[in-house]
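Engineer: Model the structure of this input:
(2 chains)
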Amino acid sequence: MRTYRLSCLIFLMLLGFPPACKKMIRIDPPSTQLTEDRVFASEANAEAALINIYSLLGNMDGSIIAQLGAYTDELVYNGTGRDASEFGTGILSGSNEDIAYLWSTAYAIIYQANLLTKGLENNGSSIPPMAKQRIVAEAKVLRAYCFLLLVNCFGEVPLALSADLASNANAPRAPVPEIYRQVAVDLDRARNDLPEAYPSPGKFRVNKWVAQALLARCYLYMQDWDRAREASDGLIRSGPYTLAGVNDIMLGGNEEAIWQLWNRDGNSILVFEFMPLGKVPAYNLHPDLVNNMERDDRRKDAWTGEFDDGISRYHYPAKYKNTGLAGKPEYTCYLRLAEQYLIRAEALAMKEELPAALTDINVVRSRAGVASVHLPINRDSCLRLIEKERRVELFTEGCHRFFDLKRTDRIDSVMSASKTGWTPWAKLLPLPEHELTVNSSLTQNPGY
Amino acid sequence: MLILALMVPVSSHSQAVTLTANGMTLEKLFNEFRRQTGYQFIYTKDQVQNARPVSCKLRGATIGEAMEACMVAQSLRWTIEDHYVVISEGPVETHRENKSPPFDIEGIVMDENDNIIAGATVSVKGLSPGTSTDQEGMFRLRRLKIGSVLTISSIGFEEREIIADAARVTVRLRMKVNELDQAVVIGYGITSRRYNVGAVSRITAADISQQPVGNPLAAIQGRAPGVFVQTENGLPGGNTRIQIRGQGSVAAGTNPLYVIDGVPFLSAPFSSSPAANGANGQVSPFSIINPADIQSIEVLKDAEAAAIYGSRAANGVVLITTRRGNTGHTKFDLDIYKGMGNIGHRAALLKLEDYLQIRKEAFSNAGLTPVARTAPDLLLWDQHSTTDWQKYLFGGTAHLTNIQASLSGGKGGTSFFSGINFRREGTVLPGNNGNTRVGGHLSVDHLSPDQKLSVSAMMMLASQNNRVIHSAEAASFINLAPNFPIYNADGSLNWATGENPAALLLQRSESRTNNLITNVSLRYKAGRQVSVKLNAGYSRITLERVSVLPKKGMNPAYLPVSSSIFAGNIEESFIVEPFADFTKKFGPLDLLVLAGGTFQQATSFSSGVEGINYPDESLLYSMGAAGELRNASSSFAGSKYVSAFARLNARWKDSYIVSFNFRRDGSTRFGPGKRFGNFGSVAGGWILSNESFVKKKFRFLSYAKLRVSAGITGNDQVQDFAYLSSYGTGGTYQDVSGLSPLRSANPDYSWETNRKLDIGLELGFWNDRLMVTGTYYNNRSGNQLVPYPLPSQAGFAQYTANLPALVMNAGAEFEVNSVNIRHTHFTWRTYFNITVPSNKLLKYPGLNQSGYASTYVLGQDLSVVKNIHFLGVDPQNGAPLFEDVNKDGLLRFPDDFQTAGKRSPGYYGGLGNNFSFGHFEGSLFLQFVNQRSPGRIDYPGYDARNTWEKAARRWRKTGDVTGVPRPIVSSIDPASAAVYTLLNSDYAFLNTSYLRLKTIQLSYSFAERLLKKWKIMHLALFIQGQNILTFTGRRFIDPETLNGLKDTMPVIRQLAGGIHLTL
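Structural biologist: Below is the predicted model of the structure:
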């Protein structure tokens, strides 16, 4: 009998075991991860979350500059990649992985900026108000940069402004003016909230002038000439920037640069797409662009190169020169002063202030050693001159050629002469196929 | 010499002899004895022909008495073993001195390995009661007649009869050939195959010891039905993947739960950051466990066997039991073998002239003139000298040395086993590559004098050092152009095509793995029926790895810098399991009740960092010498488990069995609201052969059992903390490390459930000499944890959640064990198994919107392969033709992609034969798999890459009917689009079925009388071979490791010879 009693006792003890379980499986969050609330409880963590958004920008860029260059009459694609080839031929498909990457990275940046903004607004009580204001403003500039890119590439895109997955997922494609309005509001607020000094050494982060320069570009795309002029004028007059020598425009921290993309090795990743490292590089300069450069244009020597592989000769873009760890550090240029002169020139020309416009154009031309253009000139010629000047000044920098041709509505006439496969719907990129399959409310751009 | 043996199975004979012989020949007499008793007689013609005629009178005599009576006058010796009477030469005096006075006998009973058998029953035939052996295996019997027959028996051993002919005897019992009664380890207990109602496959130390493998999991391959074992990488330390009854999970892990002596061990292959991996890829944690330290491996496959492991059992459970000591002689065992390995199978590639001809054709087909940039192989490189790249990369000899020494023994209630082992294994790769493992194993068992408290403790320690080339990409170089020169004329490396095998060999990886497994088990017998137990265990495995990438090993065009990648990983697990069992016999009812609890904690920590800016390349292995450290990372994961479990097993009249298992599991892997779950199983068994109608009607049927089990298990192989919304290390900007949101919160995150059904029929024929088992299983895995795709605009591309997707794994397993011939001098056993699995995705809501839209098809296998269908070659122009399903003129996903087949095996199994002939023992084991795999195909002529031999039969001129399209050169040829299509078509989906002579073994044991002279207990010489022959296609180097487009190293053929010594 003793054993029966004992066994009963043991089983009763075992029955008492489960209630204690809940306590036994408490676990602390992992030491190498932070829960969301802790991220917004310290300035350093919030700053780190912001840093991550900058690093995503670094992931996203580079290739799209080259690809949209090849999509227009700026570059020629010479490689074998399937996705890049589509840009080269001008016939894109919804399954293009590079487009999918652009879309998903841009929205990842937008989401993380939303998350950071909301997190700081809700929880950031222990962060000094000045720091909070700056971090939120930086995040908003990065978000605006992405929306500006998206709206220019795809037209109407979902205006995802929330930190909530479901409400973002359900956001419909917003009308183009509404997107621009949001971008302008964010940038305008940011230029008031941001300090004039860069938040970190170099010109890699967003300060007041970055917001303003981007705002000038945004107003230019919106064809709001007065505001475009005001923003670029303010920057040219009050900003701490002067034009640099033609060989120096990509150097780290040069006097002309407003915003540069940091890279660990001190070189732009674009250099590996453009420079002939013993073989024909993936992208060459479009012959038409080289021909457009005037005879004594210093930019021809400084920003282009020639390569002979034994079969033919290629022109390649050479704004970026540093391929190794040695040499002067160079960085991908996002914003620089010359563009602001050309923005102001265009805004002035639109308002028939042609002498002032020519002055701005000649500032850029004379730096390149090209003769100044003088009156008389009519508005259209002046605008055409600005377009040409933008083409030879800003190539391989910010998808300018594609966006310029679109906003001036000249894309079809220029491109159908340049690419046999060009179609009227090609001015809008196709939305990634995958996005359409996972979001049934999203519609494809016409033609695809 | 002709051996006569009559192989009629023993049936129900009276076993008593009644006979009157008058000058009968011995042969006739033996035939008569056989007819009456069923005993088989083994003798030679010479023996009976030269024997004297026999006269005797017997009435109801035992076989022993009968033999004694009629062999008196013969100069022959005889012994009775099992159901055989063996006649041999040489008179034995004692047989004739049957008139001598009674005497006392003393004996010791041991097993074949000289382990003491305590509690064996010893009785004198015809007299009762007998006696039994004591703790030391000794027995004493008084006043026996010389020539009396003693019967010695013990559970798990074959009964044996001996003639009492000396005052001191040593009796060795053989382990029961009838495996039905051998112990089978199951979760929290042991059972026998006879009464087990679950699906359990067992691999014993004997199976493992036949194979010179370094990884014990590799020894299971082909030997357990329902268990698909695949070497993923043939280099030492490389991973061996085990899949039990198919892939049940879409996204979660599909590894079984491994338990070593009760302590859960790492399930997943061991890896730090992939960048730091060597060419052997992820390390199998089992590569550092010495196979010789294992007593048995039990694979639990169905719900009855596995459900007691609850939320971790969906993918099956592998129980590993380590070796332990036995009381008796202190034994010293030494095992040494040395061997060599090479690649056993080669891909058939084009010869140089064919290759060059095809390249030239490719250019001329495109109307292009080759230039140095596009065709260095035609214009710059030597047109006559060939390098055999398979020989260059895999042509080496892998040397193997394995030493294993152990000392074991014990006295009274205490026994111990202590062993050390050493293994060094080279590779077939060029250069200094290899793996060295040193390990120790200690176990102690103690039973208190009152036999109430028992303690078992075990500790296993091992350290492994691996040096190998860094990149498995080397494997893809077997297809280099046959005339590719490694060096340019000036002695520099040739980078014309952007790659160079000699450079790749300069990138190296070194790793050190350390392993500690320890456990203690306490058991207190609180009464006759109740025992209380406590198991506690701890295991820890650490990996340190460094990969060095010197600049000279990389293409200078990309301006590389020398760098090193350092990575470390620690995995720890701790477990405590108190439990109690209760066993009692109530008349015809045998009852077992077991209940207990588990607390387990597992943690894993890994870190990595990259070093650059080294002052000198010889310092690359040093982290301190790096001028700059970057890309530092670290991660931590941890989980806690708490569970309660119970089992009830009842057996009625040894014929009807029911079994219930239950487990309630709580795990921190899941969201706070979803941490607890219930799992369990119900099973029943009916031993038909105990029914009188079976006994009467089917007399050849010695054993028949029908078993059915059903139950629910879970799969928890998902990331730790995946339910938390958290931030982790993100990207870097301006050398400052960022924080990246990892995922959004999901408190409803729960485990996958897996419902298992298993029906089995086990049959034994002719005294279980032929055992046949057939099993059907049907498992359904639901509540699948899958990444649910979100549009990018939401912020995250996916959200991991439980989805009511359903995957079915069904299949049939068939197994035959047969003892074809069994007698003293010669035995022959055959073992065969085959598994025919099927896998189906039954349900997946929103499949077409998910990230798996292109991967899975409803109603098809999870490993389905979809591609464009290749129709053949157009005889007009040699272009490959494809099926354009929607006839839109384009070959595009998804409409033109058709189901081509699956990657999971169609069927697989093994066939083994074991022989023993006198002092020789041998075995042959064949393993087979029917499967297809996507392969890397190099298109004929496309670039400076060689391709398979059959490409020589390409299309050349209009009207050629062939399966190989015309050569097309790289992208400058407008036709090259077809090449992409071809590589995405079923043309590149290869038949990789194979039949392998997996194991051969031959050993010779020295005769006992020689050993006695040398004072050695056992001495054997052996040779063993692994992967000796492979019958398969010739488009690839190895069908087993071929895995889509991933480069892996082939398995190698090994041949080893050695010696086994026991003192």
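
Engineer: And A:Asn254, its phi and psi?
Structural biologist: phi -70, psi 160 (degrees, to the nearest 10).

Engineer: In space, not sequence, find me the middle residue of chain B.
Structural biologist: B:Ile220 (2.2 Å; C-alpha atoms, centre = their mean).

Engineer: show me what contacts that residue?
Structural biologist: B:203, B:227, B:229, B:242, B:297, B:299 (C-beta atoms under 8 Å, 6 or more residues apart in numbering or on different chains). C-beta coordinates here come from the backbone N, C-alpha and C atoms, glycine included.

Engineer: The residues you listed in strands, which ones?
Structural biologist: The members of the contacts of B:Ile220 that map onto strands under DSSP state E are B:203, B:227, B:229, B:242, B:297, B:299.

Engineer: Test my guess that the second one contacts B:Ile244.
Structural biologist: Yes - distance between B:Val227 and B:Ile244: 5.4 Å, which falls inside the contact criterion (C-beta atoms under 8 Å).

Engineer: pLDDT at A:Met1, what is it?
Structural biologist: Turning to A:Met1, the model gives it a pLDDT of 49.

Engineer: now swap in A:Gly310 and tell me
Structural biologist: At A:Gly310, pLDDT is 67.

Engineer: Report the contact partners of the residue in the stretch 151-300 of chain B that chain A sits nearest to.
Structural biologist: Of all residues in the stretch 151-300 of chain B, B:Tyr188 sits closest to chain A, at 13.0 Å by C-beta to the nearest C-beta. The contact partners of B:Tyr188, taken as C-beta under 8 Å, 6+ apart, are B:308, B:577, B:579, B:581, B:594, B:596, B:645, B:647.

Engineer: change it to 7 Å
Structural biologist: Residues near B:Tyr188 by C-beta atoms under 7 Å, 6 or more residues apart in numbering or on different chains: B:308, B:579, B:594, B:596, B:647.

Engineer: What separation do you get for the third one and A:Trp422?
Structural biologist: For B:Leu594, the distance to A:Trp422 equals 77 Å [C-beta to C-beta, to the nearest Å].

Engineer: following the longest helix that chain B contains, which helix or strand comes up?
Structural biologist: Longest helix of chain B, by residue count under DSSP state H: helix B:352-365. Next along the chain after helix B:352-365, taking DSSP states H and E as the criterion, comes helix B:376-379.

Engineer: near chain B, which residues of the stretch 51-200 of chain A show up?
Structural biologist: A:51-52, A:54-56, A:58-59, A:80, A:103-104, A:107-108, A:111-112, A:115, A:158, A:160, A:165, A:168-169, A:171, A:200 (C-beta under 7 Å from any C-beta of the partner chain).

Engineer: Name only those of these that count as buried.
Structural biologist: A:51-52, A:54-56, A:58, A:103-104, A:107-108, A:111-112, A:115, A:158, A:160, A:165, A:168-169, A:171, A:200 (16 or more other C-beta atoms under 10 Å in any protein chain shown).

Engineer: From the residues you listed, which land in strands?
Structural biologist: Per DSSP E, these map to strands at A:Pro158.

Engineer: List the contacts of the residue in the stretch 301-448 of chain A positioned nearest to chain B.
Structural biologist: The stretch 301-448 of chain A approaches chain B most closely through A:Asn439 (3.8 Å), counting by C-beta to the nearest C-beta. Residues in contact with A:Asn439 (C-beta under 7 Å, 6+ apart) are A:169, B:791.

Engineer: Check the gap between it and B:Ala853 for me.
Structural biologist: Distance from A:Asn439 to B:Ala853, by C-beta to C-beta: 14 Å.

Engineer: same thing with A:Ala100?
Structural biologist: Taken as C-beta to C-beta, the span from A:Ala100 to B:Ala853 is 14 Å.

Engineer: Just the CA trace of stretch A:54-64, in PDB.
Structural biologist: The C-alpha atoms that make up stretch A:54-64 are tabulated as PDB, following Å, rounded to 0.1, in the frame of the first residue of the first chain:
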ATOM      1  CA  TYR A  54      20.600  57.000 -44.500                       C
ATOM      2  CA  SER A  55      22.300  53.700 -45.000                       C
ATOM      3  CA  LEU A  56      19.200  52.400 -47.000                       C
ATOM      4  CA  LEU A  57      19.600  55.500 -49.200                       C
ATOM      5  CA  GLY A  58      23.100  54.300 -49.900                       C
ATOM      6  CA  ASN A  59      21.800  50.800 -50.800                       C
ATOM      7  CA  MET A  60      19.100  52.200 -53.100                       C
ATOM      8  CA  ASP A  61      21.100  54.600 -55.100                       C
ATOM      9  CA  GLY A  62      23.800  54.300 -57.700                       C
ATOM     10  CA  SER A  63      22.300  51.800 -60.100                       C
ATOM     11  CA  ILE A  64      19.100  53.800 -60.700                       C
END
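
Engineer: picking up where we left off before, now do the shared contacts for B:Val227 and B:Ile244.
Structural biologist: B:Val299.

Engineer: Now do the same contact list for the nearest residue to A:Leu50 once chain neighbours are set aside.
Structural biologist: Distance criterion C-beta to C-beta, 6 or more residues apart in numbering or on different chains; nearest residue to A:Leu50, sequence neighbours excluded, is A:Ile135 at 5.4 Å. Taking C-beta under 7 Å, 6+ apart as the criterion, A:Ile135 is in contact with A:46-47, A:50, A:116, A:120.

Engineer: Can you report how many residues neighbour the closest residue to A:Ile91 other than its chain neighbours?
Structural biologist: In space, and not counting its chain neighbours, A:Ile91 is closest to A:Gly421: 4.5 Å by C-beta to C-beta, 6+ apart. Neighbour count for A:Gly421, taken as other C-beta atoms under 10 Å in any protein chain shown: 13.

Engineer: Right, I'll leave it there.
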